[in-house]
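> generate coordinates for the sequence data below:
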Amino acid sequence: MSGPSAETREPITRREQLVGYIAAGEKPERDWRIGTEHEKFGFRLDNLRPLTWEGPQGIGALLEGLTRFGWQRVVEKDKLVALSRNGASVTLEPAGQLELSGAPLENIHQTCSEVHTHLKEVKTVADELGVGFLGMGFQPKWRREDMPWMPKGRYAIMRRYMPTRGDLGLDMMTRTCTVQVNLDFSDEADMVRKFRTSLALQPIATALFADSPFTNGKPNGYLSYRSHIWTDTDPDRTGMLDFVFEDGFGYERYVDYMLDVPMYFSYRDGIYHDLAGESFRSFMRGELRQLPGATPTMTDWVDHMTTAFPEVRMKRFLEMRGADGGPWNRLCALPALWVGLLYDRSALDAAWDLVKDFTREERNALRDGVPKHGLKLPFRNGSLRDIAAEALKISAQGLRNRARMSVEGVDESHFLDPLIEIVEANETPAERKLALYNGPWNHDVDPVFREFLY
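Presented below is the predicted three-dimensional model:
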């Protein structure tokens, strides 16, 4: 999730401005970049409890410790809540999940190096504080009421509103972690092709990265419980966005969708104003009772765009949102998967050919079935594994076609190796952890914090 936008305070008076904001993200292919984000759970090494913001082992202390590496402080009401450096940021999710929002980089070698540097810095400080970090899709041990809350104004508003829209929204906020990648488009037609292809293939990423099989210390019956949670969070702002596949889809149709998504807040004068459930259209007409006569600025719109949570989200770029958080090598594999599929023209054509005849019912069945069944989900005359294997072949070829070499002369396709191994074994990361739980771990989830520590 994002903090307050740095956009200018341009007043919004016309719908066309909102369309223009998205269209301004268009870039020629030579300027396409890769922005990788990942979240992770912090915990105390002595008792495995999640980290509060306060205290000598708190998230606040960790952020302060990271400033030695050149990170600049971001403060909200005298609380250190984020860091920034060279186009990247370190931010906090509602229960203190630590997120790296990477800088826009040219290739996977660079983004993987960025992840490695970040994790090394975090581990340096974490070791001093006696804390650790775990990459999974869902908090495996602690209950919702055990999770702390970070001192950020927008989260207080969401915390009040979420339970009015679904039963699992607070779990989404406090007990989930993801890895995602943000990718560019050249024009509206390119955006539509990439949006449709990535949305149809998003269940593939969910299956490959499925790593959230435990809730409250026990198996929960899912491989990606994080993915399941989105089905009972808020129907106004989640899902597969069937309209993306309809004739005429483009920037305007996405703007109309966002105008129909109820608001959370407006951040102005250093205050988060609670507008939960209100209409952005009414805001444009100056009709909000909480802000009489006020109309939105472009900053309000940019912030509002961060409050929708579909499987693929558009801002001035496209966000791939279907994957559980995980270990270091899968943090590099996620951007590699999507860059290979979407950033090479022939690969994008092949990926679209793979999914273009999926019906609306099939796309939604994949989305709904993959949290429980992963790669073994039946599909047509085979299983989702078959589609995943083909998608990985297309992605690997796309990465080879890009020919972005490391200093050792190696292309980006090797970053897919962890995913290829998962498909060949037909076993998701969640299934591997369940086997450990039912075997060497003797029905105890505590070892996961030690064995999968960053």
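
> where in the chain is pLDDT low?
When the per-residue scores of the chain are filtered using pLDDT under 70, the ranges that remain are 1-8.

> endpoint to endpoint, stretch 176-192 covers what distance?
The separation between the terminal residues of stretch 176-192, taken as C-alpha to C-alpha, to the nearest Å, is 29 Å.

> centre of the chain versus it, how much separation?
If you compare the mean C-alpha spot of stretch 176-192 with that of the full chain, they lie 11 Å apart, counting by C-alpha atoms, centre = their mean, to the nearest Å.

> buried stuff in it?
Of the residues in stretch 176-192, 176-185, 188, 190-192 count as buried by neighbour count, 16 or more other C-beta atoms under 10 Å. Quick note: C-beta positions are derived from backbone N, CA and C, even for glycine.

> try stretch 11-25
12, 18-19, 21-23.

> span of it from start to end?
For stretch 11-25, the first-to-last residue distance is 19 Å (C-alpha to C-alpha).

> show residues contacting that stretch.
Counting by C-beta atoms under 8 Å, 6 or more residues apart in numbering, the neighbours of stretch 11-25 from elsewhere in the structure are 10, 184-185, 188, 251-252, 254-255, 258-259, 284, 295-298, 300-302, 314-317.

> before we move on, back to that, next step: the buried residues of stretch 11-25 restricted to strands.
For those, membership in strands holds for none, with DSSP state E as the criterion.

> any chance of the residues you listed in TSV, plus distance to His118?
Compiled in TSV, the buried residues of stretch 11-25 are given as follows (distance: C-beta to C-beta, whole Å):
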residue	distance to His118
Ile12	35
Leu18	33
Val19	35
Tyr21	30
Ile22	29
Ala23	32
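
> determine which two of those residues are furthest apart.
Checked with C-beta to C-beta, those reach their widest spread between Ile12 and Ala23, with 15.2 Å between them.

> ok, Lys315 touching Asp303?
No: Lys315 lies out of contact with Asp303 (C-beta atoms under 8 Å); the separation is 10.8 Å.

> between those two, who's got more neighbours?
Asp303 (23 against 17; other C-beta atoms under 10 Å).

> residue farthest from the centroid of this protein?
Gly293 (35.2 Å; C-alpha atoms, centre = their mean).

> and that one, its phi and psi?
Its backbone dihedrals place Gly293 at phi 80, psi -10, with angles given as degrees, to the nearest 10.

> ok, now which ones touch it?
Residues counted as contacts of Gly293 (C-beta under 8 Å, 6+ apart) are Gly286.

> ok, it to Glu10 distance?
Taking C-beta to C-beta, to the nearest Å as the measure, Gly293 and Glu10 are separated by 18 Å.

> one step back: so of the contacts of stretch 11-25, which ones are in strands?
Secondary structure defined by DSSP E assigns Met314 of the contacts of stretch 11-25 to strands.

> list only buried entries from the contacts of stretch 11-25.
Of the members of those, the ones counted as buried by neighbours, 16+ other C-beta under 10 Å, are 184-185, 188, 251-252, 254-255, 258-259, 284, 296-298, 300-302, 314-317.

> pull out the buried positions in the longest strand along the chain.
Longest strand in the chain by number of residues, with DSSP E as the criterion: strand 34-44. Of the residues in strand 34-44, those buried under the neighbour-count criterion (16+ other C-beta under 10 Å) are 34-44.

> which ones are touching Cys112?
Contact criterion C-beta under 8 Å, 6+ apart gives 331-332, 415 as the residues in contact with Cys112.

> make it 7 Å
Neighbouring residues of Cys112 by C-beta atoms under 7 Å, 6 or more residues apart in numbering: 332, 415.

> C-alpha coordinates for stretch 51-65, CSV please?
Listed next in CSV are the C-alpha coordinates belonging to stretch 51-65 (Å, rounded to 0.1, in the frame of the first residue of the first chain):
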residue,chain,number,x,y,z
LEU,A,51,7.1,-6.6,16.0
THR,A,52,5.3,-3.6,17.4
TRP,A,53,6.3,-0.1,16.2
GLU,A,54,7.5,0.9,19.7
GLY,A,55,10.4,-0.5,21.8
PRO,A,56,14.0,-1.5,21.4
GLN,A,57,13.0,-4.4,19.1
GLY,A,58,10.3,-2.5,17.3
ILE,A,59,9.8,-1.6,13.7
GLY,A,60,10.6,2.1,14.5
ALA,A,61,14.0,1.0,15.8
LEU,A,62,14.6,-1.1,12.7
LEU,A,63,13.8,1.8,10.4
GLU,A,64,16.0,4.1,12.4
GLY,A,65,18.8,1.5,12.2
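
> this completes my enquiry, with thanks.
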